[in-house]
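> could you work out the structure for the sequence below:
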Amino acid sequence: MYILDSIRESDKFKKLILDSDFLKALGNFVENALNPRLLKLFLAIADFLEDQNDRKLTLSRLASVLATEYSIPLSTAKWNIKRLLELGLISGGFGKSAKLTNLGRIIIFSLRGNDGNG
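Numbers count the residues shown, from 1 in each chain. The predicted structure follows:
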């Protein structure tokens, strides 16, 4: 899981992620901002982006992949991507490839645990 390598290397991050107040605040954010279906798609997006190995992937292409993989309407996939963009968990668009933001990486790291698997 190369996308998390730089985070794992940071001692400051390790101390922060183990802080119970931080974990509580992060848990509250995830619980309040992401419904179970959106959380599932966010985890799937993170896995998919990690598997792309530096290949450029537009948000439109990501929506198409999600719609196909999860048998959901394309409009639903686009809405979920828009919501994740608004929450600051992913970025992309306007000629930029889709990627996890720092906040998105931290949440994925926290959900999976320190080994990067969840």
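> phi, psi for the closest residue to residue 92 other than its chain neighbours please.
Distances taken as Cβ to Cβ, 6 or more residues apart in numbering place residue 98 nearest to residue 92, at 3.8 Å, with adjacent residues excluded. In short, each C-beta sits where N, CA and C put it, glycine included. Main-chain dihedrals, residue 98, degrees, to the nearest 10: phi -70, psi 140.
> and the strands in this structure?
Listed in chain order, the strands found in the chain under DSSP state E are 90-93, 96-100.
> pull out the buried positions in the longest helix belonging to the chain.
Taking DSSP state H as the criterion, the chain has its longest helix at helix 36-51. Neighbour counts over helix 36-51 (16 or more other Cβ atoms under 10 Å) mark 38, 41-43, 45-46, 48-49 as buried.
> residue contacts, the nearest residue to residue 63 once chain neighbours are set aside?
Leaving aside its chain neighbours, residue 63 sits nearest to residue 77 (4.2 Å; criterion: Cβ to Cβ, 6+ apart). Applying Cβ atoms under 8 Å, 6 or more residues apart in numbering, one finds that residue 77 lies in contact with 41, 62-64, 66-67, 70.
> next, give me the two most distant ones among the residues you listed.
Greatest spatial distance among the contacts of residue 77 (Cβ to Cβ): 41 and 64, at 13.6 Å.
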